[in-house]
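> turn this into a structure:
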Amino acid sequence: MSINFTQILTDSLNFMRNQRTIVMRFTAYFFIVALLIHFLISHLLPEDVQLNELNNGINTLDMSSTHFGNVAYLGIVQVILNLFISAWGIFTIHQLSQRIKLSLIDTFLFTLKRFLGFFFISLIITIPILIGSAEMIVSYLTQKPSSPFSLLTTAFGLFIFVRLNIASIYYLTNQTTLNETIKNVWKLGVKQNFPLFIYFLINDVLLRLLSYQVNRLISGSSIVEIISLFIISLIGVFSLVFTYRFYSVFTHRI
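Numbers count the residues shown, from 1 in each chain. Modelled structure (predicted):
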């Protein structure tokens with residue numbers, strides 16, 4: 001039985017409409033983090049770099065090492081906070097889908113207990129593709145052709161990422177160890193690379209490109225910035241709902 005992605009998208013939209021309170025709460029969490037980080041970065045960068053950001057995007061060559069370090073640090077903080085909110089949101093969606101009534105405090109505490117493993121899995125499936133991508137970016141910046149090793153590393157990293165993309169959700173929604181999670185998800189993915197790849201294209205490519213396009217609307221206007229950050233946050237919540245819907249269908253059909 002093939003996976004109907006159109007139906008998953010429809011179900012995700014229906015969930016967004018039917019669970020507006022939860023959706024708006026997690027949208028607010030993402031939004032507060034994004035607004036805070038954006039505010040801090042805008043006050044850390046000198047005006048000339050901010051002007052360059054508005055016109056051409058941030059160019060790290062225009063920053064001092066101190067400014068670049070601060071921006072990088074804030075970026076890491078934002079990634080970790082967003083990752084926790086994502087884990088919290090997915091577990092909350094899981095409880096709602098299982099018709100288990102838990103308060104947000106209960107789901108928060110459970111997520112806190114499992115977050116280290118969730119974070120570790122997310123990290124290990126991302127590192128291979130980051131290594132290959134970093135080497136290709138360096139080759140581009142130095143105007144040198146990419147080495148076969150970097151291409152192979154990127155391809156291998158992409159394969160690992162796609163194959164284990166739902167491992168963190170599996171770990172969060174099942175009482176399994178890290179080792180058991182990796183093994184079980186790898187087995188689930190046997191001869192199932194196509195639906196996993198389609199999920200990757202929708203969730204990790206198309207939705208991120210959509211967020212990127214909205215992010216480009218951010219300018220010197222405070223109102224436009226706030227609206228853009230809110231839309232990006234809402235897209236983030238939709239991504240969580242879509243992820244869980246796909247995960248549910250994928251794991252129950254194997």
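
> neighbours of residue 105, how many?
By other Cβ atoms under 10 Å, the residues close to residue 105 number 8. (C-beta placed from N, C-alpha, C; glycine too.)

> got it, and residue 99?
Applying other Cβ under 10 Å, we find 6 residues neighbouring residue 99.

> over to residue 154?
For residue 154, the neighbour count with other Cβ under 10 Å is 20.

> ok, now which ones touch it?
By Cβ atoms under 8 Å, 6 or more residues apart in numbering, the contact set of residue 154 is 129, 132-133, 135-136.

> quick one: neighbours of the closest residue to residue 235 other than its chain neighbours, just the number.
Closest residue to residue 235 apart from its sequence neighbours, by Cβ to Cβ, 6 or more residues apart in numbering: residue 211 at 5.1 Å. Look at residue 211: counted by other Cβ under 10 Å, it has 18 neighbours.

> quick one: residue 211 and residue 230 touch, right?
No: between residue 211 and residue 230 there is no contact, the gap being 11.8 Å when judged by Cβ atoms under 8 Å.

> element containing the residue nearest to residue 235?
If you go by DSSP states H and E, residue 211 is part of helix 207-215.

> which other helices and strands contact that helix?
Packed against helix 207-215, as judged by 3 or more Cβ pairs under 8 Å, 6 or more residues apart in numbering; DSSP states H and E, are the following elements: helix 222-253.

> just the angle between the helix it packs on and helix 207-215, please?
Between helix 222-253 and helix 207-215, the angle comes out at 170 degrees (axes from the mean of the first three to the mean of the last three Cα atoms, to 10 degrees).

> enumerate the positions of helix 222-253 that are buried.
Neighbour-count burial for helix 222-253, counted by 16 or more other Cβ atoms under 10 Å, picks out 225, 228-251.

> before we move on, the earlier item: just the buried ones out of the contacts of residue 154, please.
Burial by neighbour count, 16+ other Cβ under 10 Å: within those this picks out 129, 132, 135-136.

> can you give me the pLDDT of residue 100?
Reading off the confidence values, residue 100 has pLDDT 85.

> what secondary structure does it sit in?
Secondary structure, DSSP: H, G, I helix; E, B strand; the rest coil: residue 100 is coil.

> neighbours of it, how many?
10.

> how close does residue 74 sit to residue 86?
Distance, residue 74 to residue 86, using Cβ to Cβ, to the nearest Å: 18 Å.

> of these two, which one has the most company?
Shown here are residue 74 and residue 86; by other Cβ under 10 Å, residue 86 has more neighbours (24 against 16).

> element containing that one, please.
Assigned by DSSP H and E, residue 86 falls within helix 65-97.

> packing partners for that helix?
Using 3+ Cβ pairs under 8 Å, 6+ apart, helix 65-97 sits against helix 20-44, helix 104-141, helix 167-173, helix 222-253.

> what is the mean pLDDT for that helix?
Across helix 65-97, pLDDT averages out at 89.

> how far away is residue 170 from residue 213?
31 Å.

> the more surrounded of the two?
Using other Cβ under 10 Å, the more surrounded residue of residue 170 and residue 213 is residue 170, with 19 against 11.

> distance check, the more buried one against residue 182.
Distance, residue 170 to residue 182, using Cβ to Cβ: 9 Å.
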